[in-house]
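S.K.: Dropping a prediction and its sequence here:
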Amino acid sequence: MKKMPFLSLLLLSLMLTPTAVMADNFISTASSMKDTSQIQPYGNITGYKYKTYEGKLWKRLWSYTYNRWEDPNWTLVS
């Protein structure tokens, strides 16, 4: 009867011990499965924003992709 607690403790300790994961095989398999001829990155979508200030028209380049200004300053439109 003393074997039962020992066996259950052994099984419990085996189940709770962390197992090593072989990342080497996963990375090499994943990188070999890539088909780079199918990858096409999207371009940065930009457009000008306009404003009127003191009766003059100004423009500034806006990136719709990154939601930020691409031009550092407003430019006067002739």
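M.R.: It's in. Numbering: from 1, shown residues only.
S.K.: for the residue nearest to Y66 when sequence neighbours are not counted, what are its contacts?
M.R.: With Cβ to Cβ, 6 or more residues apart in numbering as the criterion, Y66 has its nearest non-adjacent residue at 7.1 Å, and that residue is N44. Every residue, glycine included, has its C-beta placed from N, CA and C. If you count contacts by Cβ atoms under 8 Å, 6 or more residues apart in numbering, N44 has them with 63, 65-66.
S.K.: where in the chain is pLDDT low?
M.R.: 1-3, 19-37, 40 (pLDDT under 70).
S.K.: CA-only coordinates of the lengthiest helix in it in PDB, if you can.
M.R.: If you go by DSSP state H, the chain has its longest helix at helix 3-16. Extracted in PDB, the C-alpha atoms of helix 3-16 (Å, rounded to 0.1, in the frame of the first residue of the first chain):
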ATOM      1  CA  LYS A   3       3.700   2.200  -3.300                       C
ATOM      2  CA  MET A   4       0.600   4.100  -4.200                       C
ATOM      3  CA  PRO A   5       1.500   7.500  -2.700                       C
ATOM      4  CA  PHE A   6       5.100   7.200  -4.000                       C
ATOM      5  CA  LEU A   7       3.900   6.500  -7.500                       C
ATOM      6  CA  SER A   8       1.300   9.300  -7.500                       C
ATOM      7  CA  LEU A   9       4.000  11.700  -6.200                       C
ATOM      8  CA  LEU A  10       6.400  10.500  -8.900                       C
ATOM      9  CA  LEU A  11       3.700  11.000 -11.600                       C
ATOM     10  CA  LEU A  12       2.800  14.400 -10.300                       C
ATOM     11  CA  SER A  13       6.400  15.600 -10.200                       C
ATOM     12  CA  LEU A  14       6.900  14.400 -13.800                       C
ATOM     13  CA  MET A  15       3.800  16.200 -15.000                       C
ATOM     14  CA  LEU A  16       4.800  19.500 -13.300                       C
END
